[in-house]
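Student: Let's see this in three dimensions:
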Amino acid sequence: MDAARFSSFLVKVASRCNLDCDYCYVYHHADQSWRSMPKLLSAEHREAFARQLAEYVLQSELKHCAVILHGGEPLLAGAQALADFARLLRQTCSIPVDVSLQTNGLLLTDEALVILAKADIGVSLSLDGPKSANDKHRLTRKGLSSFEQTEQALTRLQQYPSIFAGVIAVVDPSTSATELFEYFDNFNIPRLDFLLPDAHWLRPPPGRNQNPELYEEWLVNAFDVWFDQYAHIPLRTFEALLDLCAGLPSSTDAFGFGDVSLLSIETDGSYHDLDVLKVTQDGATRLKGTVADTPITQVALSPAIEQHRRYLRKEGLSETCQSCEIVEICGGGSLPHRFGESGFINPTVYCNEMKRLVTHINNRLREHLSSEMLKEVLAPLPETFDLASFEQAETSNPHLSWLCARAREDAIQRLRESLSLFPNDRRAAKFSFMHKANFEQVAFHPGAIAWSSAVLAYKRGHVLLTVDGQAITVSPDYLDMLLEHANQNMDSVKLDVGRNDLWLRAPFGGAIIFEDDELGDVGRALVERAMDIVKAWRPDLATEMLAACSAVQFVRDPTADPCKIVSFSDNSVPGALYVSISQGDGLIDPYDLADSLIHEHRHQKLYLLERHAPTVERTSVQVVSPWREDLRPPSGLLHAVFVFVELRRFWLYVRDHGPASLKSRAVNQIADTDLHLKQAFVTLKECPLTEMGLSLVDVLNRAAKEGTEPNEFADHHSNIPFIA
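Tutor: The predicted structure is shown next:
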């Protein structure tokens, strides 16, 4: 294999520091070699490094390189000495050399800044936040505060935008992200970076043994605070993860796969690997040779560097990492953070934090894409809109009709805009000659809505992702399917069941398995039987379901128990219901399928309302749901209550009028639902609901207390069909 290609060089110009930060990987971790290092990089070693770099540039055909002046505190070497070193490097090398330094700011005087600016040396400042945050860890050797001097340096740096590179802060979860952002927003910072404390399996992150989710909660909250309120602050960590979650290359070596591109040089002129590896063990970074006697090309071929390169490739990761669903994003995590008793063949010690954060960012991306799709100003609800009437199928018609009409208008407009983006496509042209009613019917089909929304989002520059993080390709080829829909003259009072429709399935990638056509044929008959049950119980509910929903897809969850019944719906495909029709080795009972169809319809019904009237304030809070093992956002809990209030009615009906074989199960189902609803209403009292959300909870609370006498919706039906 060819040699590593170094393009960045971290040069220790000083081995000592005028601060004693308690988390510093140089002075407070395993490798204590700084004690035997010269205090400053000598003139001889500076000249030798310049010669080695110039030779390496020619041999490796580099077009540009970066030199980071580091320490310790690099300004202990003196600003003028650093400027002279930068001039030496640029004079010696035949390519542009970007020179910068990382400083704690205590020596960053006006005089020093003038010298650094004239020498075009970039400056990055270390500051953990306001005084209360900074003084937790960044004190002098006498235990005094460093904050005022560092903040003064930050204030001065704003006057030198040409060399101000940014601010680095190390996270302490006892300081809230809101407090940090409020502080840093007072300054004009070109780039901010939050770093987790350096840790590994033999030295876990501080405080996490008392609270395993300490850093997870902090990171998720920090992302939300940044994404919702402070996205104008460039924040490298979150921007890099957003890029990776969107399928773009990583802008930092902290995430994703990569290669070794940085070489370190200590104050004695010796070559070293990634400096932060000092947290793992004594001598972890040491490579053979010095700038006085060894060419950089030889170092690039060293076994230690080659081993480091293997760790940065997928095949060099632990088995756990190689099979992980976010490995392409995480890349196994930072190498020092993987260290343990078995060396580096471990997941990062921040593995749970990475999984939680990546999952959260993916969810926020999908939420953002969905909100962007619906970003136009939507009409407010009519003054006559009544939530209690809307909740009951028997009285919902005027309200649901209004919501569906607005959704239909929006879908028609979206399809027209999407078609206009393919002016030379013959299929798009055919829609111009389509009968108005046919066009509107096609436009309101869930697949058409999903496709046209994706087309418009793609036009706005969005990267489209599936639920499992795969890129989605938007193509006019889907117009063939839409034309097929139009030619079939779809009946609005019938469901489009089990069709192999690309855009009813594309948003879910490989996360969901769809049943094949053979089972689909059986499933269509089963859906009819389930809808007959609903019609016999409450014809108004069946009518409502057909008004709000127009497609059913058959799904399987390969990770779930084969006997478990799964279903879902998603607002990215409005009007589509995703249900399982197989259970164990056979088909699902029609009553269970009726349950699933009602369940997912209620989600879609509430989605229609929430397009015009949000029920939950924007929040990163997650709460316990009695129906789920994992925490849910308050909106998810409210949706669950909206669903199970209706399902409670259904199982009351099954108890009193269904087959005898289901009576015992219905009794248990009702008891469980009553208990879970009681728990859910208690939790909802503490959730940040809007006025609409609070009103809806009141309506649902009353509905959940409906009597358990023979179901009021079944009293007038004397000819209930027996369907086994």
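
Student: how many neighbours does residue 146 have?
Tutor: The tally of other residues near residue 146 (other Cβ atoms under 10 Å) stands at 24. All C-beta spots, glycine's among them, are computed from the backbone N, C-alpha and C.

Student: List the contacts of the closest residue to it other than its chain neighbours.
Tutor: Nearest residue to residue 146, sequence neighbours excluded (Cβ to Cβ, 6 or more residues apart in numbering): residue 138, at 5.1 Å. By Cβ atoms under 8 Å, 6 or more residues apart in numbering, the contact set of residue 138 is 19, 21, 104, 126, 127, 128, 146, 147, 150.

Student: try it again with 7 Å
Tutor: With contact set as Cβ atoms under 7 Å, 6 or more residues apart in numbering, residue 138 has these partners: 19, 21, 128, 146.

Student: out of those residues, who has the most neighbours?
Tutor: The residue in these with the most neighbours, by other Cβ under 10 Å, is residue 128 (28 neighbours).

Student: wait, isn't that one in contact with residue 169?
Tutor: Yes - taking contacts as Cβ atoms under 7 Å, residue 128 lies within contact range of residue 169: 4.8 Å.

Student: May I see the buried residues of the helix or strand where residue 328 lies?
Tutor: For residue 328, the host element (DSSP states H and E) is helix 327-330. Along helix 327-330, these residues count as buried under the neighbour rule (16 or more other Cβ atoms under 10 Å): 327, 329, 330.

Student: swap in stretch 18-28?
Tutor: Buried residues in stretch 18-28, defined by neighbour count with 16+ other Cβ under 10 Å: 18, 19, 20, 21, 23, 24, 25, 26, 27.

Student: so which strand or helix has the fourth one?
Tutor: Which is residue 21. Of the helices and strands defined by DSSP H and E, none includes residue 21.

Student: Read off the pLDDT value for it.
Tutor: With respect to pLDDT, residue 21 scores 91.

Student: what's the distance between the nearest residue to it once chain neighbours are set aside and residue 104?
Tutor: Leaving aside its chain neighbours, residue 21 sits nearest to residue 138 (4.9 Å; criterion: Cβ to Cβ, 6+ apart). Distance from residue 138 to residue 104, counting by Cβ to Cβ, to the nearest Å: 7 Å.

Student: Same check on residue 603?
Tutor: Remark: distance between residue 603 and residue 104 (Cβ to Cβ) = 53 Å.

Student: higher neighbour count, these two?
Tutor: Set residue 603 next to residue 104 and count neighbours by other Cβ under 10 Å: residue 104 wins out with 23 against 20.

Student: mind listing what the more buried one touches?
Tutor: For residue 104, the contact set (Cβ under 7 Å, 6+ apart) comprises 19, 73, 126, 146, 150.

Student: what about residue 694, neighbour count?
Tutor: Look at residue 694: counted by other Cβ under 10 Å, it has 13 neighbours.

Student: residues touching residue 159, list them.
Tutor: Contacts of residue 159 (Cβ under 7 Å, 6+ apart): none.

Student: Tell me how far the residue nearest to residue 21 lies from residue 652.
Tutor: 64 Å.

Student: pLDDT weak spots in the stretch 401-550 of the chain?
Tutor: In the predicted model of the stretch 401-550 of the chain, residues 461-463, 465, 467-471, 488-493 satisfy pLDDT under 70.

Student: Which stretches in the stretch 251-400 of the chain count as strands?
Tutor: Using DSSP state E, counting those that start in this stretch, the strands of the stretch 251-400 of the chain run over 262-265, 270-272, 286-290.

Student: In CSV: those, plus distance to residue 526 and mean pLDDT.
Tutor: Below are the strands of the stretch 251-400 of the chain laid out as CSV (distance: least, Cβ to Cβ, whole Å; pLDDT from 0 to 100):
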stretch, distance to residue 526, mean pLDDT
strand 262-265, 61, 96
strand 270-272, 67, 96
strand 286-290, 67, 95
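
Student: and of those, who's closest to residue 223?
Tutor: Judged by Cβ to Cβ, the one of these that comes nearest to residue 223 is strand 262-265, at 26.9 Å.

Student: Contacts made by that closest one with the rest, please.
Tutor: 6, 8-12, 49, 271-275, 285, 291, 296, 299.

Student: Go again with 8 Å.
Tutor: Taking Cβ under 8 Å, 6+ apart as the rule, strand 262-265 contacts 6-12, 41, 45, 49, 253, 271-275, 285, 291, 296, 299-300.

Student: Can you give me the buried ones in stretch 285-303?
Tutor: 285, 287, 289, 290, 291, 294, 296, 299, 300, 302.

Student: re the thing from before, just the buried ones from the contacts of strand 262-265, in PyMOL syntax?
Tutor: Here is the PyMOL command that selects the buried residues among those (16+ other Cβ under 10 Å):
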select buried, resi 6+7+9+10+11+12+41+45+49+253+271+272+273+274+275+285+291+296+299+300
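
Student: could you give the mean pLDDT of the one helix or strand residue 241 maps to?
Tutor: Per DSSP H and E: residue 241 is located in helix 236-245. Here helix 236-245 scores 77 as its mean pLDDT.

Student: Kindly report the same for stretch 219-226.
Tutor: pLDDT averaged over stretch 219-226 gives 93.

Student: What of stretch 103-119?
Tutor: Across stretch 103-119, pLDDT averages out at 97.

Student: Using CSV, write out the CA atom coordinates for that stretch.
Tutor: Output in CSV follows, covering the C-alpha atoms of stretch 103-119 (Å, rounded to 0.1, in the frame of the first residue of the first chain):
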residue,chain,number,x,y,z
THR,A,103,-3.7,29.6,22.3
ASN,A,104,-5.2,30.1,25.7
GLY,A,105,-5.1,33.8,25.1
LEU,A,106,-3.2,34.9,28.2
LEU,A,107,-0.3,36.3,26.2
LEU,A,108,-2.5,37.5,23.3
THR,A,109,-1.8,41.2,23.7
ASP,A,110,-2.5,44.0,21.2
GLU,A,111,1.3,44.0,20.4
ALA,A,112,1.2,40.2,19.8
LEU,A,113,-1.8,40.4,17.6
VAL,A,114,-0.2,43.1,15.4
ILE,A,115,2.8,40.8,14.9
LEU,A,116,0.7,37.7,14.2
ALA,A,117,-1.6,39.6,11.8
LYS,A,118,1.4,41.0,9.8
ALA,A,119,2.8,37.4,9.7
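
Student: That one: which residues count as buried?
Tutor: For stretch 103-119, the neighbour count (16+ other Cβ under 10 Å) marks 103-109, 112-113, 115-117, 119 as buried.

Student: Many thanks, I have nothing further to ask.
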